[in-house]
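**Student:** A structural model of the following input is requested.
(chains A and B)
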Protein chains: 2
Amino acid sequence: MHYQLYYWTGLQGRGEFVRLALEDAGADYTDVAREQGDEVMQSFLEGQQAGARPFAPPFLKAGRLVIAQVANILHYLGPPLALVPESESRRWQALQLQMTLTDLVAEVHDTHHPVASALYYEDQQAEAKRRAEDLRANRLPKFLGYFEQVIEQAGGRHPLREHSYVDLSLFQVMTGLEYMFPKRMRTLSKDLPLLQGLKERVAQRPNIAAYLASERRVAFNTNGIFRHYPELDAA
Amino acid sequence: MHYQLYYWTGLQGRGEFVRLALEDAGADYTDVAREQGDEVMQSFLEGQQAGARPFAPPFLKAGRLVIAQVANILHYLGPPLALVPESESRRWQALQLQMTLTDLVAEVHDTHHPVASALYYEDQQAEAKRRAEDLRANRLPKFLGYFEQVIEQAGGRHPLREHSYVDLSLFQVMTGLEYMFPKRMRTLSKDLPLLQGLKERVAQRPNIAAYLASERRVAFNTNGIFRHYPELDAA
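**Tutor:** The predicted structure follows:
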């Protein structure tokens, strides 16, 4: 199967969770907007294409199927790309963990945009400072502590006892948070040895290592979800 | 199958999306915390029970399976409760639409809690006013306009051409928003005739009508996701 990924150019964003799965599996895919420009997504978003209408990128075209929402796309790609366990109950758990990561990603995004996505960060900086305090103090320890314990209860290496798309997404979240909050993550990571180990092992997977070293991996920047604004960070 | 639903007592919250599916299908279920108190969820949340550990309520126990995250629970319940179409591609679309509703629900929640879930509304009222302006002006028209168009393209009655759990969740979102933003929804609803029609038809389904008239349906209140604070509303 040839896959077509549609996502905004110039940032990692939510598309990166899908890209990591396609890259890790060595899948045959085109990153369509990078070849043809962001405009190519417009007719899908306006409902002028066949298949389910996406609310927002990323979306994936696989044959006639159009599928949107990161956790949904990964749930779809998991079996053909061998990125999810065989057992039904573990597939439900994978989707559950991925949806919990979706929640965390939304909270991280809203930390620099607590008032409105449509406004500049600079126009909501005061609110962002308050929200970042809460994220650093309460929400990050709660979410990351949860994932640490899930890995621990599954034997210490993978949340699902074997490699899966959830590992790849946890890698992305950990590296993104380390870029966004270097001081805070230095403190928190002392209590997250299993997440640290997982992150390092994912980075060393041959296809992921090759991808991270390639030009296809856009650097973290202040257009994405994980944005480094020093005034929002503290140990 | 006997289902056990676990969710906070005293509010509709995210549990209501699952409750509506169980009620509509006439499923055999226990609303466990309502019988035994909220403490009964603690051992699941702390990872001391068998099965996947939930990050937060609601979660559902079905035999040995423990499953959390609203969209995941509905994706699981859809086939046995006959609340999702048979076709694979429509099941992907159902999950995609439900995840988009999850995003909307998170944005609605964060409108009254833009800084921190752990703080009182009164301690983030200024930020909430700014965020509510954006939700009313931009986000609600965008989300609801999307669902209106999805229903239109599917023939005008159901987003998936037949009754599904997505209809029930759209009913809940529309009634919740009408409670939270009566003025704004009166304006917006003029352009949402299909969502209005869907909402009214769901309310008249026999099992749903009986449920809404029962004591099991907790009234909307200012502990839930949809909260009526008059200062956050405007036409």
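
**Student:** need the strands for chain A, in chain order.
**Tutor:** A:3-6, A:29-31, A:59-62, A:65-68 (DSSP state E).

**Student:** Now those strands in CSV, please, with extra columns for mean neighbour count and distance to residue B:27.
**Tutor:** Every C-beta, even on glycine, is put in place using the N, C-alpha and C of the backbone. Formatted as CSV, the strands of chain A follow (neighbours: other Cβ atoms under 10 Å in any protein chain shown; distance: least, Cβ to Cβ, whole Å):
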stretch, mean neighbour count, distance to residue B:27
strand A:3-6, 22, 37
strand A:29-31, 18, 40
strand A:59-62, 23, 33
strand A:65-68, 22, 28
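
**Student:** contacting residues around stretch A:126-136?
**Tutor:** Stretch A:126-136 is contacted by residues A:107-108, A:110-115, A:121, A:181, A:184, A:229, A:231-234, B:114-116, B:118-119, B:124, B:127, B:130 when judged by Cβ atoms under 8 Å, 6 or more residues apart in numbering or on different chains.

**Student:** in chain A, what spans have low per-residue confidence?
**Tutor:** For chain A, not a single residue meets the criterion pLDDT under 70.

**Student:** Please see if the longest helix along chain A touches chain B.
**Tutor:** Identified as the longest helix of chain A according to DSSP state H is helix A:88-112. Yes. Helix A:88-112 lies within reach of chain B by Cβ under 8 Å from any Cβ of the partner chain, at A:89, A:92, A:93, A:95, A:96, A:99, A:100, A:102, A:103, A:106, A:110.

**Student:** With stretch A:154-166 instead?
**Tutor:** No. Between stretch A:154-166 and chain B, judged by Cβ under 8 Å from any Cβ, nothing touches; the nearest distance is 9.6 Å.

**Student:** and that stretch, which residues are buried?
**Tutor:** Across stretch A:154-166, burial judged by 16 or more other Cβ atoms under 10 Å in any protein chain shown covers A:154, A:158, A:159, A:160, A:162, A:163, A:164, A:165, A:166.

**Student:** list the contacts for residue A:9?
**Tutor:** A:33, A:34, A:37, A:38.

**Student:** separation between it and chain B?
**Tutor:** For residue A:9, the distance to chain B (Cβ to the nearest Cβ, to the nearest Å) stands at 22 Å.

**Student:** how near is that residue to residue A:31?
**Tutor:** 9 Å (Cβ to Cβ, to the nearest Å).

**Student:** residues touching residue A:78, list them.
**Tutor:** So residue A:78 contacts A:84, A:91, A:94, A:164, A:165 (Cβ under 8 Å, 6+ apart).

**Student:** Most widely separated two among those?
**Tutor:** Farthest apart among the contacts of residue A:78 by Cβ to Cβ are A:91 and A:165. That separation is 10.7 Å.

**Student:** Which parts of chain A belong to which domain?
**Tutor:** Per the record, chain A has its domains at A:3-77, A:88-232, by automatic domain parsing.

**Student:** Of those domains, give the one that comes closest to residue B:21.
**Tutor:** Across the domains of chain A, closest to residue B:21 is domain A:88-232 (Cβ to Cβ), at 16.1 Å.

**Student:** now do the same end-to-end measure for the closest one.
**Tutor:** This stretch, domain A:88-232, spans 41 Å end to end (Cα to Cα, to the nearest Å).

**Student:** if we can go back for a sec, the longest helix of chain A vs helix B:88-112, what angle?
**Tutor:** 40 degrees (axes from the mean of the first three to the mean of the last three Cα atoms, to 10 degrees).

**Student:** what helices or strands is helix A:88-112 leaning on?
**Tutor:** helix A:70-77, helix A:125-134, helix A:140-153, helix A:165-180, strand B:65-68, helix B:70-77, helix B:88-112 (3 or more Cβ pairs under 8 Å, 6 or more residues apart in numbering or on different chains; DSSP states H and E).

**Student:** Export these as CSV, with columns for distance to residue A:192.
**Tutor:** Listed next are those as CSV, based on distance: least, Cβ to Cβ, whole Å:
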stretch, distance to residue A:192
helix A:70-77, 22
helix A:125-134, 19
helix A:140-153, 5
helix A:165-180, 8
strand B:65-68, 21
helix B:70-77, 25
helix B:88-112, 25
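
**Student:** Give the residue farthest from the middle of chain A.
**Tutor:** residue A:48 (27.7 Å; Cα atoms, centre = their mean).

**Student:** List the contacts of that residue.
**Tutor:** Applying Cβ under 8 Å, 6+ apart, no residues qualify as near residue A:48.

**Student:** what's the answer for residue A:166, then?
**Tutor:** A:94, A:97, A:98, A:101, A:158, A:159, A:160.

**Student:** The closest residue to it other than its chain neighbours: neighbour count?
**Tutor:** For residue A:166, ignoring the flanking residues on the chain, the nearest one in space by Cβ to Cβ, 6 or more residues apart in numbering or on different chains is residue A:97 at 4.9 Å. Using other Cβ atoms under 10 Å in any protein chain shown, residue A:97 has 28 neighbouring residues.

**Student:** before we move on, what about residue A:28?
**Tutor:** Neighbours of residue A:28 (other Cβ under 10 Å): 9.

**Student:** Once you drop chain neighbours, what's closest to it?
**Tutor:** residue A:2 (5.0 Å).

**Student:** Surely the one you found is in contact with residue A:32?
**Tutor:** No. Using Cβ atoms under 8 Å, residue A:2 makes no contact with residue A:32, being 11.3 Å away.

**Student:** the more surrounded of these two?
**Tutor:** Neighbours were counted for residue A:2 and for residue A:32 using other Cβ under 10 Å; residue A:32 has more, 20 against 10.

**Student:** my guess is the more buried one meets residue A:5, correct?
**Tutor:** Yes. Counting by Cβ under 8 Å, residue A:5 is a contact partner of residue A:32 at 6.6 Å.

**Student:** sorry, back to before: quick one, which of the contacts of stretch A:126-136 are buried?
**Tutor:** A:107-108, A:110-115, A:181, A:184, A:229, A:232, B:114-116, B:124, B:127, B:130.

**Student:** hmm, back to that, output the contacts of residue A:9 in TSV; the columns should cover distance to chain B.
**Tutor:** Formatted as TSV, the contacts of residue A:9 follow (distance: Cβ to the nearest Cβ, whole Å):
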residue	distance to chain B
A:33	19
A:34	23
A:37	23
A:38	18
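
**Student:** Which pair of those residues spans the longest distance?
**Tutor:** A:34 and A:38 (9.4 Å).

**Student:** Between the two, which is the more surrounded one?
**Tutor:** A side-by-side neighbour count of residue A:34 and residue A:38, using other Cβ under 10 Å, places residue A:34 first with 18 against 15.

**Student:** Among the buried residues of stretch A:154-166, which one lies nearest to residue A:216?
**Tutor:** The closest of the buried residues of stretch A:154-166, once distances to residue A:216 are taken by Cβ to Cβ, is residue A:165, at 18.2 Å.

**Student:** Go ahead and confirm residue A:103 touches residue B:109.
**Tutor:** No. The criterion here is Cβ under 8 Å, and residue A:103 misses it with residue B:109 at 10.8 Å.

**Student:** Now do the contacts for residue A:38.
**Tutor:** Going by Cβ under 8 Å, 6+ apart, residue A:38 touches A:8, A:9.
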